[in-house]
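Asks: sequence and predicted model, in that order:
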Amino acid sequence: MARIYINQLEQHVGEEVQLHGWLYNKRSSGKVKFLILRDGTGIIQSVMVKGAVPDQVFEKFDALTQESSLSIKGKIKKEPRAPGGYEMELSDIPCVYQIALEYPITPKEHGIEFLADRRHLWLRSSRQHAIMRVRHRVIKAIRDFFDGRGFTLVDSPILTPAACEGTSTLFETDYFDLGKAYLTQSGQLYAEAGAMALGKVYCFGPTFRAEKSKTRRHLTEFWMVEPEVAFNDLNDDMDLAEDFLEYIVQNTIRDCAAELKVLERDVTKLQNVKKPLPRISYDDAVKILHEKGLPFEWGNDLGGTDETVVSEQFDRPVMVHRYPSEVKAFYMKRDPQNPKLALAVDVLAPEGYGEIIGGSQREDDLDVLLERIKEHKLPQEAFEWYLDLRRFGSVPHAGFGLGVERTVGWICGTEHVRETIPFPRMIYRNTP
RNA sequence: UCCGCGAUAGCUCAAUGGUGGAGCAUCCGGCUGUUAACCGGAGGGUUGUAGGUUCGAGUCCUACUCGCGGAGCCA
């Protein structure tokens, strides 16, 4: 007898098969009993009628509790009344692996704290299951996109000797006799070294920020993918970001239609994500804010509400480029047309999901970069290796970073990014 | 760090300063097509902690603890 998974049911209609999984729910109306099984690929309702199966099988039903692990055997048939459209006519329960203790997460509503404390169990629910599948698909799209364009994956270190950007608060740890080490806040500087070696590279890994951010857009540990391309300028960088976002979103909504339906996501808003994406300058963004009556001073960075107001003007992500250089990192190249501006770009997702991409053309001139390091009061010794990239065959280059959780949150339409990573790390939570 | 909101049964929530309840979950019973099944019954409480006001506090006041989401910072 075939042991199959629930997502293969349609190929086995009319056959007697065996399924292994966990009890999702059960219902009974006396002589008819319904048992709903999940196996990680979906759910199936199975049904048995008293008299049609041995009494001993029929009675096993009563002892089963939610999330008990078991295998069931029976014939698959099409059944419009069953969720999913297929049903098993149950003939046997060959194995009950374990009768689960009283399961805390019932099919009713729960508060976020209760669920977060049980994240390891919460992942079994259909909504979380759907989000994890979307996350997986987004990550696959990220890899496929770069791999298909001749990029090489060059992983950056997670333990680093100093701050990359000198702004964020970092997690600090003792590092043997070498003093302190810090958890990386960005792999970018290392990706630049990679780009000078291999031309087109990306790094992809976890990133850490010890900022005490408490918002729906923040985690202390999150995943970021950072491409870096030699000989690219800011326009090339925006072209790449635009292709990249279109690829991720279009592939994900095509392959995860069922998951997005579970999440009740309005997919029409994602179908618009095709190039060209609108490109506006920081100056244009400021004009929009002023038109909307917001008191915004030129020279500041866009805050959360500012980003939302700007992004609401468009039906797809918007690229905002050429920010005041003072609010941007030291390594960003200044605009030769106006040295007060940095050749930077942020991509703002629609619907208030905020900045999902931040990028720039990098400063490739040794002397200018040395000046910036002084201006930002960064320790030059720590950046000597990075300055070497400007001493030995410096070229124009550009790159960006995309936050995986914000991207997944936007595509799924989640309230908070904490649902988009299996085990979120936040300021007041590092368990389970 | 600052601002705001909150904490009552296992869970989600009610309760005018005057006898702490409901739905779900659990247990018992019923039901031959259920869809977060339904119907009947039962058990389940130091109202976050410590003080205070009051004849009387879940309710008002103070402090603390924990949580939530917003600012700042950022992906």
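Replies: That came in fine, so what should we check first? Numbers count the residues shown, from 1 in each chain, chains lettered A, B, ... in the order given.
Asks: contacts only, for the residue lying closest to residue A:313 once chain neighbours are set aside.
Replies: Leaving out its chain neighbours, the residue that sits closest to residue A:313 by C-beta to C-beta, 6 or more residues apart in numbering is residue A:288, at 6.0 Å. Heads up, the C-betas are built off the backbone N, CA and C, glycines and all. Taking C-beta atoms under 8 Å, 6 or more residues apart in numbering as the criterion, residue A:288 is in contact with A:280, A:309, A:310, A:313.
Asks: in which helix or strand does the closest residue to residue A:420 other than its chain neighbours reside?
Replies: Nearest non-adjacent residue to residue A:420, counting by C-beta to C-beta, 6+ apart: residue A:408, 4.0 Å away. Assessed by DSSP states H and E, residue A:408 sits inside helix A:404-412.
Asks: got the contact list for that helix?
Replies: Outside helix A:404-412, the residues that reach it (C-beta under 8 Å, 6+ apart) are A:130-131, A:134-135, A:138-139, A:142, A:217, A:219, A:222-225, A:248-249, A:252-253, A:260, A:263, A:265, A:270, A:349-351, A:353-356, A:414, A:416-417, A:419-421.
Asks: now the buried members of those.
Replies: Neighbour-count burial (16 or more other C-beta atoms under 10 Å) applied to the contacts of helix A:404-412 gives A:130-131, A:134-135, A:138-139, A:142, A:217, A:219, A:222-225, A:248-249, A:252-253, A:260, A:263, A:265, A:270, A:349-350, A:353-356, A:414, A:416-417, A:419-421.
Asks: RNA strand B next: which of the residues you listed are close?
Replies: Filtering those for proximity to RNA strand B by C-beta under 7 Å from any atom of the strand leaves A:217, A:219, A:222, A:224, A:354, A:355, A:356, A:416, A:417.
Asks: what residues does the stretch 151-300 of chain A have near RNA strand B?
Replies: Within the stretch 151-300 of chain A, the positions lying close to RNA strand B (C-beta under 7 Å from any atom of the strand) are A:167-168, A:186, A:209, A:211-220, A:222, A:224.
Asks: run through the strands of the stretch 301-432 of chain A in chain order.
Replies: All strands of the stretch 301-432 of chain A, identified by DSSP state E, counting those that start in this stretch, fall at A:318-324, A:334-335, A:338-349, A:354-361, A:397-403.
Asks: can those go into JSON lines with extra columns for distance to residue A:119 and mean pLDDT?
Replies: Formatted as JSON lines, the strands of the stretch 301-432 of chain A follow (distance: least, C-beta to C-beta, whole Å; pLDDT from 0 to 100):
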{"stretch": "strand A:318-324", "distance to residue A:119": "33", "mean pLDDT": "95"}
{"stretch": "strand A:334-335", "distance to residue A:119": "44", "mean pLDDT": "95"}
{"stretch": "strand A:338-349", "distance to residue A:119": "25", "mean pLDDT": "94"}
{"stretch": "strand A:354-361", "distance to residue A:119": "23", "mean pLDDT": "94"}
{"stretch": "strand A:397-403", "distance to residue A:119": "20", "mean pLDDT": "96"}
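Asks: right, I'll leave it there.
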